[in-house]
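> Predicted model and sequence below, questions to follow.
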Amino acid sequence: MESYLAELNDAQRAPVLQKDGAMIVIAGAGSGKTRVLTYRIAYLMSQGVDAFNILALTFTNKAAREMKTRIARIVGNSEAKNLWMGTFHSIFAKMLRFEADKLGYPSNFTIYDTQDSQRLISAIIKEMGLDKDVYKYKQVYSRISSYKNSLITVKAYFQNPELMEADAMSKKPRLGEIYKEYVDRCFKAGAMDFDDLLLKTNELLNRFPDVLQKYQNRFRYILVDEYQDTNHSQYLIVKALSDKFQNICVVGDDAQSIYAFRGANINNILNFQKDYDDVQMYRLEQNYRSTKNIVEAANSIIEKNKTRLDKVVWTANDEGPKIVVNRLLTDGEEGRFVASSIFENKMEKQMKNGEFAILYRTNAQSRAMEDALRKKDIPYRIYGGLSFYQRKEIKDVLSYLRLLINPKDEEALKRVINYPARGIGQTTIDRLTIAANHYKRSIFEIIENLDKIDLKINKGTKNKLENFANMIKSFQIMNETADAFTIAETVAKKTGLLQELKKDGTPEGIARIENIEELLNGIRDFVEGQKELADATGSLTEFLEDVALATDMDKETGDEDHVALMTIHLAKGLEFPYVYIVGMEEDLFPSAMSMNTRSELEEERRLFYVALTRAEKQAFLTYTQSRYRWGKLVDAEPSRFIEEIEEKYLDFMIPQDDYKYKPLIDTDIFGEVDKSKFRQSKPVNGTPPPSHKPTDEQLQKLRKLRPATAAATSVPPGPAVKLETGDEVEHMRFGKGKVLSIEGVGQDKKAEINFENGGLKKLLLKFAKLKVLS
Ligand SMILES: Nc1ncnc2c1ncn2[C@@H]1O[C@H](COP(=O)(O)OP(=O)(O)OP(=O)(O)O)[C@@H](O)[C@H]1O
Ligand SMILES: [Mg+2]
């Protein structure tokens, strides 16, 4: 037996050793699904299967790279580098390059990123004279995207009265027209958007049986990771390609299906057995990633979902510490707690920054975390923000490069035709656009033929346009002989881009110049790397494709050691020793937008399952009492998901009474005790709840873990602390009032006050900011 096979347990080894046929591995988080795929590929190769005949589809390019590295270690690098491994988008973009002419596209077609697509849609909405508040370009974009992923082409759309009616009902009767215009304009520009990469692949495989056969023969063995999150378009591609040999292995976990909102269809996993002739089903049960506490807590949550396949997940790992739950006052305090806790763990256990991750439901939550980490000098990196390649100065250079490769690329052209400024105004650009639409030509072609069309453009402007076109053409000529790096460098200089930034002279300008240098270095590395591959040449086209499909997850930043910050959606498939899940609050997680139906709530619960199961050693959950949302400070309530975890797995850093009995939010921001929010303790199975008094140990931990800075956010005990019955006081919202009684001590001291404006209130003095008048 090959020695690497010993690194698998029996259940994992079975699907690895089954060389042929259709198989599905359904298993919970951390049970080695991705490992099975990796080792299976290595095994196939050791059995004589050519790397060229293997296709592996992963969820991120990063995952593909990691798998490839692992496989290279087993079978050797020269073999591994010929594997086709990557995301659906990157793999099929590559395939479409070879076949583009069949679909009427140039082989150097541009890939429009989301920003390009949205700009184009926004321009179309404007040109059509539609109300941009009704036709919101982002909404229109996502609607078009969902049509494409369901294979509803423009033609199919106009043949479907139901769809048209639905759009009309949502006050967008002209959505179909926008869709059509958008598709036409992309085609005319020689551009495909992200969804086209799948849609056009389907079209290619459907319309050209010889092409289908070619790729069926080529990809004799197909493997798909995270199969539960494939959409319809992806499903059809896999089905078509694997139909002939049926050597297909998919792995997934229905409990981790979290992309339904983007069209992922869980039925793909549920129906797999019907799709192929003889399907072997494998299950893995042992989790290698996490402690017992984490595994069992995660099990106790996912059990609450009604729609799920029954699965067993257990682990032989240590029990590990319990999941820490902490309540903080505000998001600022939450950030400080997390930063302090990371700092302490690092010191105490000699951990690296890279062993910590902070996960959140929405991107907006990262700010408070960043602020706190910066103050503590803890290096961090946010994943999923603006990718390096989407920064303005980088997109400017890339747009020139795109334009020289594909002069029809309208979004690129519009971006740079007058940047750096060369006196070509918006009116001129509008005239060119209208002419281009009228003659069904690209703007670039119109510029090349200005003499033949009367566009009422004066001589001076004409000259400027011609100079611009000549410059681009000179780059094209250069591209025939020079390498990608040399061209890019010339472009940065000759177009005046670098000059423009140097003129700027501000620190931001300098940072931008550095970014451009970084881009040039990146291009050089890319060219070198590609030259080693069998079916790549290191051309500018290849580089641009790589860039268009890159997410910032893909950009390696060397060996920098940093805390990772990302949304839970992005964290799928990853693992970290310590995981902080922040913002565990109702309306945030579960999201307010996802609580209308059971299935939406179940998707949120799966998301929580994904989050928790990223942790290897320990997980921390935090929630706040009030949080800024949409510019307003709102009361927050702890997430139901905390309550859903069996209590024995939790370690409350706050007196647990607070959690169970509510008021968790015992006061509002003004210090008012809101009785309506009191939550009664629920006896479990009829037995009274156990004592929730925090143990000494818990209290000690609490004191230790609470960051010193946290106190700064609480209102400093003002004169109100010395309050006595009968005192006259003033409150910022309720006005003047008289103290009727005082109860509690220290931090819990409350006063009952009769306010002139607000009536009878019970306030927690810690927060109430009272001014004593008498
Ligand atoms: N047999 C094994 N022996 C030792 N470690 C293992 C074994 N199987 C898996 N692991 C390790 O357990 C961790 C989880 O494995 P892997 O990422 O493949 O799980 P997964 O099922 O793909 O998880 P997810 O559902 O989160 O994608 C990895 O660190 C992996 O290296
Ligand atoms: Mg995995």
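Looks like it arrived, so ask away. Numbering: from 1, shown residues only. Ligands and ions are numbered 1, 2, ... in the order given.
> if you skip the residues just before and after it, what's nearest to the residue nearest the centre of the chain?
With distances taken as C-alpha atoms, centre = their mean, L570 lies nearest the centre of the chain, 4.3 Å away. Setting aside the residues directly before and after it, L570 is nearest to G384 in space (C-beta to C-beta, 6 or more residues apart in numbering), at 4.8 Å. Every residue, glycine included, has its C-beta placed from N, CA and C.
> Could you report the neighbour count for that neighbour?
Summarising burial for G384: neighbours were counted as other C-beta atoms under 10 Å, giving 16.
> Quick check: it is in a strand.
No - checked against DSSP: H, G, I helix; E, B strand; the rest coil, G384 lies outside a strand; its state is coil.
> My guess is it contacts I568. True?
No - using C-beta atoms under 8 Å, G384 makes no contact with I568, being 10.6 Å away.
> Angles on the backbone of the residue in the stretch 1-150 of the chain positioned nearest to ligand 2, please.
Proximity of the stretch 1-150 of the chain to ligand 2 (C-beta to the ion) peaks at T34, 3.3 Å away. Here is the backbone geometry of T34 (degrees, to the nearest 10): phi -70, psi -40.
> From ligand 2, how far off is the nearest residue to it once chain neighbours are set aside?
Nearest residue to T34, sequence neighbours excluded (C-beta to C-beta, 6+ apart): D225, at 5.8 Å. Distance, D225 to ligand 2, using C-beta to the ion, to the nearest Å: 6 Å.
> repeat for R422
Distance of R422 to ligand 2, computed by C-beta to the ion: 50 Å.
> Excluding covalently adjacent residues, which one is nearest to that residue?
Closest residue to R422 apart from its sequence neighbours, by C-beta to C-beta, 6+ apart: K464 at 5.6 Å.
> how many other residues sit next to the one you found?
19.
> That one reaches I429, doesn't it?
No - checked against C-beta under 8 Å, the pair K464 and I429 is beyond contact range at 11.8 Å.
> Burial check on the residue of the stretch 1-150 of the chain closest to ligand 2, number of neighbours?
Around T34 sit 19 other residues, with neighbours defined as other C-beta under 10 Å.
> mind listing what it touches?
T34 sits next to 63, 67, 225, 251, 573 when contact means C-beta atoms under 8 Å, 6 or more residues apart in numbering.
> now the first one, what's its secondary structure?
Meaning A63. helix.
> for it, what are its contacts?
Contacts of A63 (C-beta under 8 Å, 6+ apart): 34, 225, 573.
> hey, where'd the strands end up in the stretch 1-150 of the chain?
22-27, 54-57, 84-86, 110-112 (DSSP state E, counting those that start in this stretch).
> can you redo those as JSON lines with mean pLDDT and distance to V312?
As requested, the strands of the stretch 1-150 of the chain are arranged in JSON lines below (pLDDT from 0 to 100; distance: least, C-beta to C-beta, whole Å):
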{"stretch": "strand 22-27", "mean pLDDT": "96", "distance to V312": "9"}
{"stretch": "strand 54-57", "mean pLDDT": "97", "distance to V312": "27"}
{"stretch": "strand 84-86", "mean pLDDT": "93", "distance to V312": "30"}
{"stretch": "strand 110-112", "mean pLDDT": "93", "distance to V312": "43"}
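> Can you tell me which of those is nearest to ligand 1?
Closest approach to ligand 1 among these (C-beta to the nearest ligand atom): strand 22-27, 5.8 Å.
> Quickly run through the sheet partners of that closest one, with directions.
Its sheet considered, strand 22-27 pairs with strand 248-252 (parallel), strand 279-284 (parallel) by DSSP bridges.
> what packs against the very next helix or strand once past the first one?
Next along the chain after strand 248-252, taking DSSP states H and E as the criterion, comes helix 267-270. Using 3 or more C-beta pairs under 8 Å, 6 or more residues apart in numbering; DSSP states H and E as the contact criterion, no helix or strand is in contact with helix 267-270.
> where's the dip in pLDDT among the contacts of A63?
The member of the contacts of A63 with the lowest pLDDT is G573, and it reads 93.
> So, low pLDDT: which residues of the chain?
Across the chain, the ranges flagged by pLDDT under 70 are 1, 385-386, 531-536, 551-559, 631, 655-721, 746-748, 767, 774.
> in the longest helix anywhere in it, what's buried?
As assigned by DSSP state H, the longest helix anywhere in the chain is helix 507-531. For helix 507-531, a neighbour-count test (16 or more other C-beta atoms under 10 Å) marks 512-513, 515-516, 519-520, 522-524, 526-527, 530 as buried.
> next one: stretch 582-595
Buried residues in stretch 582-595 (16+ other C-beta under 10 Å): 582-591, 594.
> a markdown table for those residues, including distance to ligand 2 and secondary structure?
As requested, the buried residues of stretch 582-595 are arranged in a markdown table below (distance: C-beta to the ion, whole Å; DSSP: H, G, I helix; E, B strand; the rest coil):
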| residue | distance to ligand 2 | secondary structure |
| --- | --- | --- |
| V582 | 23 | coil |
| G583 | 25 | coil |
| M584 | 24 | coil |
| E585 | 28 | strand |
| E586 | 30 | coil |
| D587 | 30 | strand |
| L588 | 27 | strand |
| F589 | 22 | coil |
| P590 | 24 | coil |
| S591 | 24 | strand |
| S594 | 24 | helix |
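> which ones are touching the residue nearest to T34?
Taking C-beta under 8 Å, 6+ apart, we find D225 in contact with 33-34, 37, 56-59, 63, 251-252, 573.
> At the contact with ligand 2, which residues of the stretch 551-700 of the chain appear?
Counting by C-beta under 5 Å from the ion, the residues of the stretch 551-700 of the chain lying close to ligand 2 are G573.
> Please enumerate the helices of the stretch 551-700 of the chain.
Along the stretch 551-700 of the chain, the segments classed as helices by DSSP state H, counting those that start in this stretch run 568-571, 598-612, 640-644, 656-661, 696-705.
> List phi and psi for the closest residue to ligand 2 within the stretch 501-650 of the chain.
Nearest residue of the stretch 501-650 of the chain to ligand 2: G573, at 4.4 Å (C-beta to the ion). Backbone torsions of G573, given as degrees, to the nearest 10, read phi 90, psi -20.
> Number of residues surrounding it?
Counted with other C-beta under 10 Å, the neighbours of G573 add up to 19.
> and if you look at Y649?
Y649 has 23 neighbours, counted by other C-beta under 10 Å.
> was I right about it contacting V324?
No - applying C-beta under 8 Å, one finds Y649 not in contact with V324, separated by 10.6 Å.
> Buried residues in stretch 148-159, which are they?
The neighbour-count check on stretch 148-159 (16+ other C-beta under 10 Å) flags 148-154, 157 as buried.
> whoops, I mixed them up, stretch 346-359
Applying 16+ other C-beta under 10 Å to stretch 346-359 flags 346, 353-359 as buried.
> and the spatially closest residue to K244 that is not a sequence neighbour, what element?
When the adjacent residues along the chain are set aside, K244 lies closest to Q216, with 4.2 Å between them (C-beta to C-beta, 6+ apart). Using DSSP H and E, Q216 sits within helix 209-218.
> Kindly format the C-alpha coordinates of that helix as CSV.
Listed next in CSV are the C-alpha coordinates belonging to helix 209-218 (Å, rounded to 0.1, in the frame of the first residue of the first chain):
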residue,chain,number,x,y,z
PRO,A,209,-21.6,17.7,-29.6
ASP,A,210,-18.1,17.3,-30.9
VAL,A,211,-16.8,19.8,-28.3
LEU,A,212,-18.7,18.0,-25.6
GLN,A,213,-17.2,14.8,-26.6
LYS,A,214,-13.7,16.2,-26.7
TYR,A,215,-14.0,17.4,-23.1
GLN,A,216,-15.8,14.3,-21.9
ASN,A,217,-12.8,12.3,-23.2
ARG,A,218,-10.4,14.7,-21.8
